[in-house]
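K.L.:
My questions concern the predicted model and sequence given below.
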Amino acid sequence: MANQKVSQDTGDLVLNRVSKYYGDFCAVDDLSLTIPDGSFFALLGPSGCGKTTTLRMIAGLEEPSQGTIHIGQTDITTQKPYRRNVNTVFQNYALFPHLSIFENVAFGLRRRGIKDVKSEVEKALNLVELGHLAERKPGQLSGGQQQRIAVARAIVNRPEVLLLDEPLGALDLKLRRQMQIELKRIQIEVGITFIHVTHDQEEAMTMADTIAVMNQGKIEQMGSATDLYEAPKTAFV
């Protein structure tokens, strides 16, 4: 898939009346949402609320039953995942165990035929403060270090949107809190739109500029951490 054309449009991410059905079950129900370009946005809610399905539709891993998804002026609703300027960081990191850290981060660049791989990888590793571990294998790193490498591998491709699917769930409490601060720092430095899916209220409130609280496929309330804490609109929130 080297040199595959990827949409390079920039701008807000807009979901317009998006629904997703599995048979008779409605996982996401008529969802409309605008996520400002360059913001840190959280989808917060319990298991089964529709947050992960929403993320998968943005990634292109699921197609909406109805509605549209745009980045800027580009309709990505039916685009293949590899054509979207979107990357995902999963809870299990999905690193290649047989490759060095450098080659893990370089993987996407090489597939796209990027020439200046060394410089781009070094910048990404330095951003996550792990440049000194470039020649190690993933199995030689701690969970927190592996998580940062997964982030470096995602941002080295300079996506318009970075999706974070419960990325801190496998870490212990102390490391999780440290990574919350790290992810926010990285997001501010790179200026990429981050969309973070989590069931952890503290995580969402620590990192996100805006939080959408989801329940049964709908958004119950959306706003800043302060808005949600001081003026919840429903008993669920």
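P.N.:
Alright, I've got the coordinates. Residues are numbered from 1 along each chain as shown.
K.L.:
Would you mind measuring from the residue nearest the centre of the chain to residue 56?
P.N.:
With distances taken as CA atoms, centre = their mean, residue 163 lies nearest the centre of the chain, 1.2 Å away. Separation of residue 163 from residue 56 (CB to CB, to the nearest Å): 9 Å. The C-beta positions use only the backbone N, C-alpha and C, and glycine is treated the same way.
K.L.:
Repeat that for residue 184.
P.N.:
For residue 184, the distance to residue 56 - CB to CB - is 24 Å.
K.L.:
Give me the more crowded residue out of these two.
P.N.:
Shown here are residue 184 and residue 56; by other CB atoms under 10 Å, residue 56 has more neighbours (20 against 17).
K.L.:
Can you verify the more buried one is assigned to a helix?
P.N.:
Yes: membership of residue 56 in a helix is supported by DSSP: H, G, I helix; E, B strand; the rest coil.
K.L.:
and the closest residue to it other than its chain neighbours, how many neighbours does it have?
P.N.:
Nearest non-adjacent residue to residue 56, counting by CB to CB, 6 or more residues apart in numbering: residue 62, 4.3 Å away. Residue 62 is flanked by 17 other residues according to other CB under 10 Å.
K.L.:
Next: residue 221.
P.N.:
18.
K.L.:
Show me the strands paired with the host helix or strand of it, marking each as parallel or antiparallel.
P.N.:
Assigned by DSSP states H and E, residue 221 belongs to strand 218-223. Its sheet considered, strand 218-223 pairs with strand 210-215 (antiparallel) by DSSP bridges.
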